[in-house]
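>>> Compute the structure for the input listed below.
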Amino acid sequence: MAFNGARWRVLACVPVSDDGLGGVQGAILDLAGPESGPSNAQVVTLTNPSLSEFNEAVAASRPNFIYVAAPPLQREEKSAGVVGAFHFRGDITPGEEALLTALAEARPEVAYVDAVVSPHFGPSLHQRGVANVVVWPAGTAIPTAVAAHYNCAFAAFLINTLASPPEAFAAASHSTQAHCMVLGSDGTHTVPALPAFVGAARPALPDSASIPPLAVPPGLQQQLDPNNLPAFPGWTDVRLLAPRAELRLLLTGGSGLVDSTRLSFLGEALRALLVMEARGLQLTARTPLDKLPRNLPAGCAAARCDYTTSSGAAGSVVLGAPPAVLEHPTLVEHALRMTLVTDAVSLQFRLPPPGLSLPTPRSSKAVAGGTPVVDTVVVTSVWAVEVLRALCKEPRYRSLAALGVAAVGNAADCAFTPADVARMGLIAGGLPAANGAVATTIAAASSDPASAQAPGGGLQTADTLPSPSAQHGVAAGVGAGVGDDVIMTDMPAGLADGGHTYFGADAMMGYAMNGHLHFLGNSDMAAAAGYAAAASPDSPGYTCRRPPLSACSEAQFYDDLCEFLTLLRGKTVERSKFPEAVLNGVSLDLFALYREVVSRGGFRVGNGINWKGQVFPRMRNWTESNKQTGVGNALKRHYQNYLWEYEVAHPEDVTLDRCVLCNARDREGGAADWLCCDCCENWVHHSCDKRPGLGQYKDYTQGNGRVYVCPSCSREQEAGEALKRQRTA
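Below you'll find the model as predicted:
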């Protein structure tokens, strides 16, 4: 695997460490290793430097990424310690002014300070010309393991995955939340301390807007507008033929990691990794297919496209498109970037069904150096499986190890170093809390306090997942609210008004805000319950400005939805380009999709809705000649990505009908096997309808789905047919 040149010149100022972690700086030092260091980074290391040595190194190497780490403070005899203050060797000047001045004069693109600093440090450094600054909030005890994990993830995404500094900060925030969050005995999650980011852009995970603009091929300047690609003949018929697959991931940690909240953060980071890999892919070959897939639009051809991702991982997919698109390599490459990025965000973790035991942690020297690992399952596309496996086998690719991915399928991650093993082992065994006590063991955190760390440090398996109420409650961590108050209170007025300081919690807005978790089981009602538990129905700053849904126009609905998603995801959703998804060659009709689903009880009903037979025909995307397969699953995925959180924030839109046979709702003892009558659209429990020959519940929810007619409508139809026979007799 080849990297794209020496993009980063890193200067690392580190202390002498004997804490067993390789110091908080262990992951940064791995960048300089001959076996683990990526070729797109040149690293110069200074151990306990003086100010003059620092200035000489800056002049010699001209770094654009400066990392500074302070020696850890030992709080207890056997504690891993917390981050301390940084001083140059021989520095007689009290305070941090010498470090602030030295970094400002060096003017790197990124300054990362793993040390205790005052609230003014980050904003002042940014004001003096450093574009991106990462600092820890003042007044907070930062465990060295947390700091080490964060800088490992930040450096890996910045250097290996070619992320921008704000994107790397967001990915590191998600990874640290997933691995360092603690679930207390009261069922609330305590988030770890997270650093602050000072820069011009708000930290956020990348999306399709981060795809490089299309370079118009010669000869198409008059026909192709790169800002209006759907207007190009045949562009809306482009199809990515990517079958779905289940993939086993081994994650470092204990059974407590298999938790909806923690895996939501990890899932967001994995989706971001795939987006970063796909947005910069390069087409290496394309081979026309003689036998065309059956689900292509009329007039389309297909080609097998070989490519390499941003980090050099090789892959291959089949792309369907009109010949006018396939004959231009530049158009094919851009189409691959757009379709793969869109498909990347469909990756989903699957949780065991409620009531079953969580997977037991195990260890092997061949996997993550013997660190405890647990089995998880993700559902994604075959191309993503191929890319993740290729990256897992590359010893210089550090991003998967930074996310705690120990193995992809049967391939162990080759990038784990001794510093990674020591760090992840300490995190799995428990972190020191802010008050000096040892936090609940992360490896065995669960809703059952009895499943915490076993005597002697053994790992026990949690019996059940936290309850929905426990999943929903996240306690403010040692760095979340404290840092916010301190920084914003003491910051110079100009920077406070400018809004350039963001905390780790500000980077938590992902693609669907914890909305990509599925439960393994036969009923999607369990999945719907999991979704509702993981989502927060409140969106700070959002006020619904549209009329009731019954009187709402399509334009009013889209304006309100775009405002909601902008606040939810932390990045602007442009109304003119929304939605980006295309179904059956037409822009996705979210307005009709939303109305039809909420009128049938909302997303909680799951497969009780006949998505293809009832919902799809009422959307603009439907045509009589439609032959596209998998429409039902596609509609559910699009609803989850775009509309699920919006539905949660608008419970008044959802029609909560009672069963017309038993007069019960699902929360009042009713069954979970909802069916909607195709005639009167009233709701019925399948188990309440005792008519013979009715068939099984799955007959109505799988594939095209049988048409269901309730007993009342069936009697009316039979009476009408009998009357018609009498008149014709």
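>>> which residues of the stretch 251-400 of the chain fall in strands?
282-288, 301-308, 314-321, 348-351, 373-381 (DSSP state E, counting those that start in this stretch).
>>> Repeat that for the stretch 501-650 of the chain.
Under DSSP E, counting those that start in this stretch, the stretch 501-650 of the chain gives strands at 501-503, 517-519, 582-583, 586-587.
>>> Lowest mean pLDDT across those, which one is that?
Least confident of the strands of the stretch 501-650 of the chain, judged by mean pLDDT, is strand 517-519 with a mean of 40.
>>> okay, stretch 602-619 in CSV with CA atoms only?
C-alpha atoms of stretch 602-619 as CSV (Å, rounded to 0.1, in the frame of the first residue of the first chain):
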residue,chain,number,x,y,z
GLY,A,602,-44.3,5.4,12.5
PHE,A,603,-40.9,3.7,12.2
ARG,A,604,-41.5,1.7,15.4
VAL,A,605,-43.9,-0.5,13.4
GLY,A,606,-41.0,-1.8,11.3
ASN,A,607,-42.0,-4.6,9.0
GLY,A,608,-45.7,-4.2,10.0
ILE,A,609,-45.7,-1.6,7.2
ASN,A,610,-45.8,-2.9,3.7
TRP,A,611,-43.0,-0.6,2.5
LYS,A,612,-43.0,-1.7,-1.1
GLY,A,613,-46.7,-2.5,-1.5
GLN,A,614,-48.3,0.4,0.3
VAL,A,615,-45.7,3.2,0.8
PHE,A,616,-43.7,3.1,-2.4
PRO,A,617,-46.7,3.4,-4.8
ARG,A,618,-47.7,6.7,-3.2
MET,A,619,-44.3,8.3,-3.8
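>>> centre of the chain versus it, how much separation?
Stretch 602-619 has its C-alpha centroid displaced from the chain centroid by 26 Å (Cα atoms, centre = their mean, to the nearest Å).
>>> wait, doesn't residue 344 sit right on residue 384?
Yes. Using Cβ atoms under 8 Å, residue 344 makes contact with residue 384 at a distance of 6.5 Å. (Each C-beta comes from the backbone N, C-alpha and C, glycine too.)
>>> what touches both of the two?
residue 274 (Cβ atoms under 8 Å, 6 or more residues apart in numbering).
>>> helix, strand or coil for the residue lying closest to residue 369 once chain neighbours are set aside?
The spatially closest residue to residue 369, leaving aside those adjacent along the chain, is residue 421, at 3.6 Å (Cβ to Cβ, 6 or more residues apart in numbering). Secondary structure state of residue 421, per DSSP: H, G, I helix; E, B strand; the rest coil, is helix.
>>> Next, count neighbours for residue 421.
19 (other Cβ atoms under 10 Å).
>>> about what we covered before: lowest-confidence stretch among the strands of the stretch 251-400 of the chain?
Looking at the strands of the stretch 251-400 of the chain, the bottom one is strand 348-351 with a mean of 86.
>>> Quick check: which helices or strands does that strand pack against?
Secondary-structure packing of strand 348-351 (3 or more Cβ pairs under 8 Å, 6 or more residues apart in numbering; DSSP states H and E): helix 260-279, strand 373-381, strand 517-519.
>>> Residue 187 and residue 418: what is the separation?
Distance, residue 187 to residue 418, by Cβ to Cβ, to the nearest Å: 36 Å.
>>> These two: who's more crowded?
Set side by side, residue 187 and residue 418 show more neighbours around residue 187, with 19 against 13, by other Cβ under 10 Å.
>>> wait, is that one part of a strand?
No. Per three-state DSSP, residue 187 lies outside any strand segment and is coil.
>>> and the gap between it and residue 180?
Applying Cβ to Cβ to residue 187 and residue 180 gives a distance of 18 Å.
>>> ditto for residue 307
35 Å.
>>> want to throw the helices and strands packed on strand 348-351 into CSV with distance to residue 289 and mean neighbour count?
Shown next, in CSV, are the helices and strands packed on strand 348-351 (distance: least, Cβ to Cβ, whole Å; neighbours: other Cβ atoms under 10 Å):
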stretch, distance to residue 289, mean neighbour count
helix 260-279, 22, 26
strand 373-381, 18, 21
strand 517-519, 32, 20
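>>> Great, nothing more from me.
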